[in-house]
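# just the structure for this:
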Amino acid sequence: MPASLPEPERLFSRDFVLLFLLLVCANCNMAVYYCFEQWLERIAVAPNWRGVLLGAMFAAVLAARPFASVLLLKRSKLPAMILSILATSGVMLAYMHLPAGSPSFVWLALALRIVQGLFLALFSSCTVAVMVG
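Next up, the predicted model:
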């Protein structure tokens, strides 16, 4: 009697669909980028600060991704993904509480953008590793 062959792995599986949905939901924070400049203009942020605030998140991603990739190379990705989703959600909620008329608005917004970029680097490094795996 011949031995039965193992069933081949399929890409379209329950785990893959769940991971894909997680990626879609968690990356919705990127949608804010497309309205961020208009929001800054509406609350009268000086034009010379708008570019800095727009680019700060991506500068933080570029700076943090190599460290996040090496740090998480042999560690579990799930706790880092959960932490980054929670932190990014907190940052997204914090934007609406920034004091628009305050002189410290730009610095607080800059801090939020950097924190958002750091956790986006962490999340994207984890998700790429999990998707490849």
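# secondary structure element holding the residue most central in space within the chain?
Central residue of the chain (Cα atoms, centre = their mean): residue 120, 2.7 Å from the mean position. Using DSSP states H and E, residue 120 maps to helix 105-132.
# in that helix, what's buried?
Using 16 or more other Cβ atoms under 10 Å as the burial criterion, the residues of helix 105-132 that qualify are 105-106, 109, 112-127, 129. (Each C-beta comes from the backbone N, C-alpha and C, glycine too.)
# repeat for stretch 97-106
Of the residues in stretch 97-106, those buried (16+ other Cβ under 10 Å) are 105, 106.
# what is the rounded mean pLDDT of that stretch?
The average of the pLDDT scores along stretch 97-106 is 89.
# now do stretch 64-75
Mean per-residue pLDDT for stretch 64-75: 84.
# who touches that stretch?
80, 117, 118, 121, 122, 124, 125, 126, 129 (Cβ atoms under 8 Å, 6 or more residues apart in numbering).
# how about 10 Å then?
When contacts are defined by Cβ atoms under 10 Å, 6 or more residues apart in numbering, stretch 64-75 is touched by residues 61, 79-81, 84, 114, 117-126, 128-129.
# distance of residue 66 from residue 121?
Using Cβ to Cβ, to the nearest Å, residue 66 is found at 9 Å from residue 121.
# pLDDT score for residue 27?
pLDDT, residue 27: 69.
# and if you look at the one 3 residues further on?
pLDDT for residue 30: 69.
# do residue 51 as well
In this model, residue 51 is scored at 90, pLDDT.
# what about the one helix or strand it maps to, distance to the chain center?
In this assignment (DSSP H and E), residue 51 forms part of helix 47-71. Centroid separation between helix 47-71 and its chain, computed with Cα atoms, centre = their mean, to the nearest Å, is 11 Å.
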